[in-house]
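Colleague: need coordinates for the below:
(one chain, ligands or ions: 1)
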Amino acid sequence: MDLRAEGLTVRHGARTVLAEVACALPPGTQAVVLGRSGSGKTTLLKAFAGLSPAFSGRVLWDGQDVAGLSAAERRVRQASFGMVFQTDALFDSLTVRQNVLFPLTRRRVPQDEAHARADEVLGAVGLTDAADTLPERLSGGMKKRAGLARALAARPSVLLADDPFAGLDPGTARQVARVLLEVSRGGTLLVAAPEAPVDLPLPRWLYLRGGRLVYDGAPAPELEREQDEVLP
Ligand SMILES: Nc1ncnc2c1ncn2[C@@H]1O[C@H](COP(=O)(O)OP(=O)(O)OP(=O)(O)O)[C@@H](O)[C@H]1O
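Modeller: Numbers count the residues shown, from 1 in each chain. Predicted coordinates for the structure are as follows:
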């Protein structure tokens, strides 16, 4: 899907969280959204997914203004998105495999295919042995990988991952990075992170400061240094 933001401003109450953001993400884009805590990274991901309404400006999906779609149309198109957010929760009463199967069943993917896909993604995130385990018995990193498996099983054409490396040990972070790259191949991958993830060197950086997109281009490590220098 072709994603585009034009003069996108998002407000929460009186607070402007994104200001006049303009950027184009053609299909196959691989980019990282960087910026300090509170700079608007999560809000930008949500806006692209049609979950944070524009106060002014717009988000376009394949050229169509998201605000102009009916709720039903929006839901249908949102099926192309895979979202891994910080607050994602697994269903406690379902095993890891059942959690991964859940969205597939809801989308009426035939059972045999759903099980094959679940096995494939669970293998990719290294959770084959934990497939029949309940989430309460998993470590934080395993839960994160299970959430990722659930998003990936739907084969989204746009994968939005919000700080997928938070709280992971370096080995698990590398594994998650590898899975993100492998499974999103050909589709769009947008990853928000507080600093450039070493294990996931994506070719494009979108840099937010105070809700403004201050940089959109090739990786520019000097931006992160600049940011450190202005910190009090
Ligand atoms: N639902 C909401 N209501 C009010 N304010 C909100 C809401 N969601 C986000 N904000 C505010 O908007 C600003 C941007 O939040 P956002 O989560 O997009 O930033 P972020 O860059 O992802 O931060 P972090 O790295 O800490 O997750 C923050 O100041 C936050 O407090």
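Colleague: for the closest residue to T133 other than its chain neighbours, the count of nearby residues, please.
Modeller: The shortest distance from T133 to any non-neighbouring residue, by CB to CB, 6 or more residues apart in numbering, is to V96 (5.7 Å). Every residue, glycine included, has its C-beta placed from N, CA and C. The burial count assigned to V96 is 28, neighbours taken as other CB atoms under 10 Å.
Colleague: show me the shaky parts of the protein.
Modeller: In the prediction, the chain carries residues with pLDDT under 70 at positions 86-88, 227-232.
Colleague: run through the strands of it in chain order.
Modeller: Secondary structure of the chain (DSSP state E): strands at 3-12, 15-25, 30-34, 56-61, 64-65, 81-84, 158-162, 188-193, 204-209, 212-217.
Colleague: could those go into JSON lines alongside distance to the ligand?
Modeller: JSON lines is the format used below for those (distance: least, CB to the nearest ligand atom, whole Å):
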{"stretch": "strand 3-12", "distance to the ligand": "3"}
{"stretch": "strand 15-25", "distance to the ligand": "4"}
{"stretch": "strand 30-34", "distance to the ligand": "8"}
{"stretch": "strand 56-61", "distance to the ligand": "15"}
{"stretch": "strand 64-65", "distance to the ligand": "22"}
{"stretch": "strand 81-84", "distance to the ligand": "13"}
{"stretch": "strand 158-162", "distance to the ligand": "7"}
{"stretch": "strand 188-193", "distance to the ligand": "6"}
{"stretch": "strand 204-209", "distance to the ligand": "7"}
{"stretch": "strand 212-217", "distance to the ligand": "12"}
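Colleague: so for P170, which of these sits nearest?
Modeller: Judged by CB to CB, the one of the strands of the chain that comes nearest to P170 is strand 188-193, at 14.6 Å.
Colleague: contacts for the closest one next, please.
Modeller: Contact partners of strand 188-193, identified using CB atoms under 8 Å, 6 or more residues apart in numbering, comprise 1, 3, 25, 27-34, 41-42, 44-45, 48, 157-165, 180-181, 197, 200, 202.
Colleague: one more pass at 7 Å, please.
Modeller: 3, 25, 27-34, 41-42, 45, 48, 157-165, 180, 200, 202 (CB atoms under 7 Å, 6 or more residues apart in numbering).
Colleague: extract the CA atoms of that strand and return them as CSV.
Modeller: Once side chains and other backbone atoms are set aside, the C-alpha atoms of strand 188-193 remain, and they are given as CSV (Å, rounded to 0.1, in the frame of the first residue of the first chain):
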residue,chain,number,x,y,z
THR,A,188,6.6,-1.7,3.8
LEU,A,189,8.3,-1.7,7.2
LEU,A,190,8.2,1.3,9.5
VAL,A,191,9.9,0.9,12.9
ALA,A,192,9.8,3.5,15.6
ALA,A,193,12.7,3.5,18.1
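Colleague: so for stretch 1-12, what gets flagged as buried?
Modeller: Within stretch 1-12, the residues that qualify as buried by neighbour count (16 or more other CB atoms under 10 Å) are M1, D2, L3, R4, A5, E6, L8, T9, V10, R11.
Colleague: hmm, I typed the wrong one, I wanted stretch 164-171.
Modeller: Within stretch 164-171, the residues that qualify as buried are P164, F165, L168, counting by 16+ other CB under 10 Å.
Colleague: contacting the ligand as well, which ones from those residues?
Modeller: When the buried residues of stretch 164-171 are checked against the ligand using CB under 6 Å from any ligand atom, none falls in range.
Colleague: just put these in JSON lines and tack on distance to E73.
Modeller: Listed next are the buried residues of stretch 164-171 as JSON lines, based on distance: CB to CB, whole Å:
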{"residue": "P164", "distance to E73": "29"}
{"residue": "F165", "distance to E73": "34"}
{"residue": "L168", "distance to E73": "36"}
